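> Need a 3D model of the following:
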Amino acid sequence: MDRVEPARIAIVGAGPRGVGVLERIAANAAELAGGHTLEIHLVDPYPPGGGKVWRFDQSALLRLNSMASDITMFTDDTVTCAGPIAPGPSMAEWARLVDLDELPTAELRAEARQVTPITFPTRRLGGEYLGWAYRNALSRLPTGTTVVVHTASAVDVTDDVTNDVSEPVQLVHLDNGEPPLRVDAVVLTLGHLDTDATGESAALADHAARHELAYLPPAYGTEADLSGFEPGRDVIVRGFGLGFVDLLVLLTEGRGGRYHDRGDGRLRYEPSGNEPRFHIGSRRGVPYRAKLTYDLLAPRPAYPRFFHRESITALIAEHDIVDFRLHVWPLIAKEISWAYYHELALAHPARVAVTWADFEQRIEFAEWGIPGWDAMVADCVPNVEDRLDFGALDRPLDGLWFDDAEALQDHLRAHIRADLDRRADDGFSADLGAFDAFLAVFAQLPYVLGSPKLSPKSRVQDFDDWWFGFFSYYASGPPPRRMEELLALSEAGIVRFLGSDTWVRPDDEEGTFVAGSASTGCTVSATALMDARLPGPSVQATRSALVRAMAERGELSELILVEADGSQIATGQIRVHASDQRVVERTGVAHPRRFALGQHSTSRAPAFARPRTNALAFRHNDLCARALLTAVCAPDHQGADR
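Next up, the predicted model:
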């Protein structure tokens, strides 16, 4: 009997997405591995599990922006995938189950003991959970499986053309001097990739270099050298999202500042004297909404109600060209509104003038976005603060003008306080109904984004830019504590707010950066600037030697969208085949032995997920693992050592 060769797989990137693929390999191997043993190579310069972002070696001040109960690495019975469901604990459940002696420090052991479902854990502890999930996946791999960890970066993947076979061996080239890995298939789970500054960022970097200014372009701020942002230096900051929150933590409390309880439930900041002075603005002009920390009071509705595959198919069929904002958003808005009013009517019936059955029927037959919708809602919901107004949520400073900077500071502090108070009050649990619906919508979006009828320009401007930004602002904000800290920093004079539609320009005459906004006539001049946001994906500007090398040969391609008039729009994303996550080459052909998932690709989704949400990442991981095992464990497999 012929010896069955082992099937050799390389996973490049051993952070949470790589671990997710490994878990799905373990889950599907019994069905698809046949008689093959598996040899799996994990390539990452950082420890498996947490990877770069969630590793232990980072500031203990940095936290996840999700509650422990909202983090899982495991499938459950809501996940629609071909592979077997393999449940496991959320992070909150893991903290109760884990052997504390497995944790490396007394501080982490103490933190784990105090974790509750609504705790926002440190990233260090999050990395321990991800490391545990990695070890759990290892324990479930078939007997005889070999796993080899390479503490290195992959700098290229090539075909071994010396083999006379139709599907050549893959060579994974490493930067640590090891010989190339010879494997049957490669999965790229690279996570967020650093990029070179381009466009406006490149021009600002050039201005900073010529005038000896400090400039941080879009980057992973926790990895950046922040020494140039010196104590007492005025720093203009563009961006009010999670990247901004991390930078603020590192440059205030991370430099010795301390928060004290004022005695009224609020915080007072005691400066260390090592902080810069921040002047912060953005397009919206306000920080992301604080995370909600309670549960729905009414029963969770069955999603989706209006935005589902059948309605999306019908919507697309109605139009020759689909505009996301014009055609798709009204259906999404109706879905989110229905969930919001479901919670309002059933949890707080005294604040609704009709029964839920009547209200739901009116919603069903109303068209969102027209005056009749607003009239219907006003008839059913007497109190204005109980009505869901997407425009007011998205642009709270629109139409407001402040005669001086102090009036703007007072308004922003009142805005943040009102948001904190509302987000902590389950009397407004309808907000959580909307939050849950925002998450549920994501499960249906691939049916829209995969349509060739979707306008490329609309996809980039309306989905990637506006919709994703609005979702993040509403549903992916920081822990409430961070917003309390922001208020304390504002009151201490460490933070100043710039307003909405913030603009920045280089001033060559003065050798500075100048910033202003649409909210006030005041401007600020500073010798330092931060673009406090993550860089978008870019095949052209990436600093990844691996991606550059493969792209130069045409073995990896960027998704380029083409408008009806022939104009092209670059997305920066690596193209993968939707059905199995295979890498699509420049010719349009999917490579049979190369796969990719994650933020760098068209298969982007958060690496871990909220439990019981049919998470897209889990579905993609399963598709990839099954296609991968089918490819490398075929009956005629000859093995990568041939």
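> alpha carbons only for contacts and neighbour counts from here, please
OK.
> those helices in the stretch 401-550 of the chain, which residues are they?
405-423, 430-442, 445-449, 456-458, 468-475, 480-491, 545-552 (DSSP state H, counting those that start in this stretch).
> So what touches the second one?
Okay, so that is helix 430-442. Helix 430-442 is contacted from outside by 292, 295-296, 303-304, 307, 332, 335-337, 339-344, 423, 471, 474-475, 613, 616, using C-alpha atoms under 8 Å, 6 or more residues apart in numbering.
> of the helices of the stretch 401-550 of the chain, which approaches Leu181 most closely?
helix 545-552 (14.2 Å; C-alpha to C-alpha).
> who does the closest one touch, helix- and strand-wise?
With contacts defined as 3 or more C-alpha pairs under 8 Å, 6 or more residues apart in numbering; DSSP states H and E, the packing partners of helix 545-552 are strand 154-160.
> The strand it packs on pairs with which strands?
strand 169-174 (antiparallel) (DSSP bridges).
> export the partner strand as PDB, just CAs?
The C-alpha coordinates for strand 169-174 follow below in PDB (Å, rounded to 0.1, in the frame of the first residue of the first chain):
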ATOM      1  CA  VAL A 169       4.700  23.300  -4.200                       C
ATOM      2  CA  GLN A 170       4.500  26.600  -2.400                       C
ATOM      3  CA  LEU A 171       7.800  28.100  -1.100                       C
ATOM      4  CA  VAL A 172       7.400  30.500   1.900                       C
ATOM      5  CA  HIS A 173      10.500  32.700   2.200                       C
ATOM      6  CA  LEU A 174      11.300  33.900   5.700                       C
END
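> and the angle from that strand to helix 545-552?
Between strand 169-174 and helix 545-552, the angle comes out at 130 degrees (axes from the mean of the first three to the mean of the last three C-alpha atoms, to 10 degrees).
> follow-up on the earlier one: now the buried members of the contacts of helix 430-442.
292, 296, 303-304, 307, 332, 335-337, 339-344, 423, 471, 474-475, 613, 616 (16 or more other C-alpha atoms under 10 Å).
> Out of these, which sit inside helices?
If you go by DSSP state H, these have 332, 335-337, 339-344, 423, 471, 474-475, 616 in helices.
> Ala110: how many residues sit nearby?
Applying other C-alpha atoms under 10 Å, we find 12 residues neighbouring Ala110.
> Break this protein down into its domains, please.
Residue ranges for the structural domains of the chain, counted by automatic domain parsing, are given in the record as 7-194+539-632, 199-288+478-531, 309-475.
> Can you add mean pLDDT and give those back as JSON lines?
Below are the domains of the chain laid out as JSON lines (pLDDT from 0 to 100):
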{"stretch": "domain 7-194+539-632", "mean pLDDT": "94"}
{"stretch": "domain 199-288+478-531", "mean pLDDT": "96"}
{"stretch": "domain 309-475", "mean pLDDT": "96"}
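> Bridged to Phe402, which residues?
Under the criterion used (DSSP bridges), Phe402 bridges to Thr520.
> what number of residues lie near it?
Neighbourhood size, Phe402 [other C-alpha under 10 Å]: 16.
> What separation do you get for the residue lying closest to Gln409 once chain neighbours are set aside and Gly199?
With sequence-adjacent residues excluded and distances taken as C-alpha to C-alpha, 6 or more residues apart in numbering, Gln409 is closest to Phe497, at 6.1 Å. In this view, Phe497 and Gly199 are 26 Å apart by C-alpha to C-alpha, to the nearest Å.
> go on, Ile416?
For Ile416, the distance to Gly199 - C-alpha to C-alpha - is 33 Å.
> What of Met483?
32 Å.
> Among these two, which residue is more densely surrounded?
Met483 (22 against 7).
> shouldn't that one be in contact with Tyr288?
No. Using C-alpha atoms under 8 Å, Met483 is not in contact with Tyr288; the gap is 9.0 Å.
> Pull the number of nearby residues for Asp264.
Asp264, neighbours per other C-alpha under 10 Å, totals 6.
> State whether it is indeed within a strand.
No. If the criterion is DSSP: H, G, I helix; E, B strand; the rest coil, then Asp264 is coil and not within a strand.
> what's the pLDDT at Gly536?
Looking at Gly536, its pLDDT is 84.
> gap between it and Ala353?
According to C-alpha to C-alpha, Gly536 stands 46 Å off from Ala353.
> who has more neighbours, the two?
For Gly536 versus Ala353, the count of surrounding residues by other C-alpha under 10 Å is larger for Gly536: 18 against 15.
> quick one: contacts for that one?
Contacts of Gly536 (C-alpha under 8 Å, 6+ apart): Gly572.
> ok, so what distance separates it from Gly572?
Here the criterion is C-alpha to C-alpha. By it, Gly536 lies 7 Å from Gly572.
> can you check Asp431 too?
On the measure of C-alpha to C-alpha, Asp431 and Gly572 end up 34 Å apart.
> just Cys624 next, same as before
Distance, Cys624 to Gly572, by C-alpha to C-alpha: 21 Å.
> Between the two, tell me which one has more neighbours.
Ranked by neighbour count (other C-alpha under 10 Å), Cys624 and Gly572 place Cys624 first, with 24 against 20.
> Next, count neighbours for the nearest residue to that one once chain neighbours are set aside.
Spatial nearest neighbour of Cys624, chain neighbours left out: Asp580 (5.1 Å); criterion: C-alpha to C-alpha, 6+ apart. For Asp580, the neighbour count with other C-alpha under 10 Å is 21.
> again, but for Ala378
Around Ala378 there are 16 other residues, counting by other C-alpha under 10 Å.
> contacting residues for it?
Going by C-alpha under 8 Å, 6+ apart, Ala378 touches Val384, Arg387.
> which SS class is it?
helix.
> Just the buried residues of stretch 531-547, please?
So for stretch 531-547, counting by 16+ other C-alpha under 10 Å, buried means 531-542, 544, 546-547.
> now stretch 350-368
Those would be Val352, Trp356, Phe359, Glu360, Ile363, Ala366, Trp368, for stretch 350-368 by 16+ other C-alpha under 10 Å.
> Include secondary structure and distance to Ala488 when you put these into CSV, please.
Putting the buried residues of stretch 350-368 into CSV (DSSP: H, G, I helix; E, B strand; the rest coil; distance: C-alpha to C-alpha, whole Å) gives the following:
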residue, secondary structure, distance to Ala488
Val352, coil, 37
Trp356, helix, 42
Phe359, helix, 42
Glu360, helix, 43
Ile363, helix, 42
Ala366, coil, 44
Trp368, coil, 40
